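> for reference, the sequence and a predicted model appear below.
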Amino acid sequence: FRRETGGGDTSKGGPAGDDCPHMDQVYIHAINAKDAAGPTYARGLLGQDIVKAYEKNEISPQDFCMSTDSHMDFEPEWDQKMVDMWDMAENEYAVLSTYVADIVQLGENLNGVHEVPHLCMVIFTSQVRTHATKCARNLSKPKLTNAVWGAGLSFSKCHAELKVPVDPHTPGIFDGEEFNRAARFWTYGYDIYTPHRVYVLHDYHGSQSNPKTTSWGHGKFGPSELKNAHYRLNTILDVPGGEKNYEKGLQLKRSKYGLGDRRSLDDLIQFTGIDLRHKKVTIDGKNRCGNLQWVPFNENPKGVNYIPKFNETTEDPLDVPYEKTSVWYDPRVDGVGAGLVSRQVKSEKEDPAEVESRRVAEEAAHDAHKKEAEKLAGSSLHEDHKALAAALEAEGGGASGHDSREGHREVISNAAAAALKAEQMDTGGVHIFPPLLRGAPGSGGIPKGRFFFASVNMTKHGVEHLPIQVKLAVFVMVLGLCFAIIASGGVKQKRRANSKKRG
């Protein structure tokens, strides 16, 4: 069918008109190409369309929503398969997301072990950028990640899209789009899972050979818009370069396109292992690509389907004062001490010299950001993953060399190999958290309150934490080394004695 309609090669246009069997179900938000302003702007427009459909009762928070890139293809019955896979996560707040495979792998079991890209690392450019992938094999169900989200595929209940819409005020942004939304998803209580099977794929060759797909870098946005976009992203995540005034920064974090109020930014930094405030990819020298402990939170008392309300003009929250389960709750403002302090942002006069210095520095960065956006618009965010299968084949000696037993197997991609070659990867079984949260049918959804799990320390170091077999092996090795040194010394002494006798 793809060959007959051109659907396998987006450079040919794909199915259109009468050739599309479900055209009556397709809504197109059309804009002029000259008005393009990057992926976040486009996704933001579609997010607003979803909100309008919700307000018209055309969709429900309990419907399923999927966001993808353009130039995609799908396995037969992909919709039911995606729903079934989401259900296996056993988490109402699950979001399935990854960098999808190429369409040449449509219908294939990659390398014979169901390899899927697993997102868990970032790098710092002008923003926080999702970087490379690891590879998970033979997963029995979706795997909890350290909140790293990929825009190429995002599948969840529609209440996730309604609560965490893409920020449309970020034209020209490429780097930073994904981790910004990942942070917002996670602080709203959502958890990102790597799909354990591939049902949605991307036409990388067709899209990258079409020059129209890279034209947004020359779109209708200037230095001031790009400056504000970077300012917003930096402020929300506490990345250097954002708002310096604490109250103003907090106001943006609490706004419509800011952070959620179920988990805190500090908790996010600990869970992801990414040091946002100092622009370091890790807080402790380790990644969070292995098995993780789910972080509990208090569900909004109004339930999972409740969509927070914001002022349409200022985008400030309307659900104030905050109730006690919110991370923004302050008893001096929201509780018995209400009125002791105010959330009103005070206007402060800044030092003119400091303002001018900051303006000069920001203007100097404008051109660099613009050039970077244009460069990224013409490149592939997924080029690391494109070479993944070939690299694994070369390094692992083909599919026959892979361990095909059920369970989680991690392979370092070629993009990450240079930096992580010596790192020992976790090869234990998969443990998915949390267990079923949605409750039994008819129970009214997720049980309210806080969900607790036994604390797991992910930062144990030292010989004392090694398995007894490893300790014994190390002891025998050291003991053998000592005997070898002693024996070597004795042989040298005998040689010296014999040499003296000959003399």
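Now that the structure is in, tell me what you want to look at.
> show me where the stretch 101-250 of the chain has helices.
Applying DSSP state H, counting those that start in this stretch to the stretch 101-250 of the chain gives helices spanning 158-163, 177-187, 204-208, 223-237, 246-253.
> residues of the second one that come out buried?
Read that as helix 177-187. 177, 178, 179, 180, 181, 182, 183, 184, 185, 186, 187 (16 or more other CB atoms under 10 Å). Yep, even glycine has a C-beta here, placed from its N, CA and C like the rest.
> redo those as JSON lines? Include pLDDT and distance to residue 264.
Conversion of the buried residues of helix 177-187 to JSON lines gives the following (pLDDT from 0 to 100; distance: CB to CB, whole Å):
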{"residue": "177", "pLDDT": "85", "distance to residue 264": "22"}
{"residue": "178", "pLDDT": "88", "distance to residue 264": "20"}
{"residue": "179", "pLDDT": "90", "distance to residue 264": "16"}
{"residue": "180", "pLDDT": "92", "distance to residue 264": "16"}
{"residue": "181", "pLDDT": "93", "distance to residue 264": "17"}
{"residue": "182", "pLDDT": "94", "distance to residue 264": "15"}
{"residue": "183", "pLDDT": "95", "distance to residue 264": "11"}
{"residue": "184", "pLDDT": "95", "distance to residue 264": "13"}
{"residue": "185", "pLDDT": "96", "distance to residue 264": "14"}
{"residue": "186", "pLDDT": "96", "distance to residue 264": "10"}
{"residue": "187", "pLDDT": "97", "distance to residue 264": "7"}
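> and the furthest pair within these?
177 and 187 (16.6 Å; CB to CB).
> can you pull out the strands in the protein?
Assigned by DSSP state E, the chain shows strands spanning 64-68, 72-74, 94-97, 116-118, 122-124, 128-130, 134-137, 143-144, 153-157, 191-194, 200-202, 409-412.
> which one of these lies closest to residue 327?
strand 191-194 (16.6 Å).
> hang on, the earlier thing: would you format the buried residues of helix 177-187 as CSV with distance to residue 113 included?
Output for the buried residues of helix 177-187, formatted as CSV (distance: CB to CB, whole Å):
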residue, distance to residue 113
177, 31
178, 27
179, 29
180, 33
181, 30
182, 27
183, 32
184, 34
185, 29
186, 29
187, 35
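> of those residues, which is the nearest to residue 351?
residue 180 (30.3 Å).
> show me what counts as buried in stretch 62-82.
Buried residues in stretch 62-82 (16+ other CB under 10 Å): 64-69, 71-74, 78, 81-82.
> out of the residues you listed, which is nearest to residue 27?
Nearest to residue 27 among the buried residues of stretch 62-82, with distances taken as CB to CB, is residue 65, at 13.5 Å.
> test my guess that that closest one contacts residue 164.
No - using CB atoms under 8 Å, residue 65 makes no contact with residue 164, being 10.9 Å away.
> just to revisit the earlier point, just say which of the helices of the stretch 101-250 of the chain is most tucked in.
Highest mean neighbour count among the helices of the stretch 101-250 of the chain (mean count of other CB atoms under 10 Å): helix 177-187, with a mean of 26.
> who are the packing partners of that helix?
strand 128-130, strand 191-194, helix 223-237, helix 265-272 (3 or more CB pairs under 8 Å, 6 or more residues apart in numbering; DSSP states H and E).
> nearest to residue 105, of the ones you listed?
The nearest among the helices and strands packed on helix 177-187, by CB to CB, is strand 191-194 at 16.3 Å.
> which strands border that closest one, and is each parallel or antiparallel?
strand 94-97 (parallel), strand 143-144 (antiparallel) (DSSP bridges).
> please save the CA atoms from the first one in PDB.
What it means is strand 94-97. What follows is strand 94-97, C-alpha atoms only, in PDB (Å, rounded to 0.1, in the frame of the first residue of the first chain):
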ATOM      1  CA  ALA A  94       2.200   7.100  31.700                       C
ATOM      2  CA  VAL A  95       3.600   8.800  28.600                       C
ATOM      3  CA  LEU A  96       5.200   6.500  26.000                       C
ATOM      4  CA  SER A  97       8.000   8.300  24.300                       C
END
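> who's in contact with that strand?
82, 85-86, 89, 119, 142, 145, 149-150, 153-156, 160, 185, 190-195 (CB atoms under 8 Å, 6 or more residues apart in numbering).
> circling back: between the buried residues of stretch 62-82, which sits nearest residue 57?
Nearest to residue 57 among the buried residues of stretch 62-82, with distances taken as CB to CB, is residue 65, at 15.6 Å.
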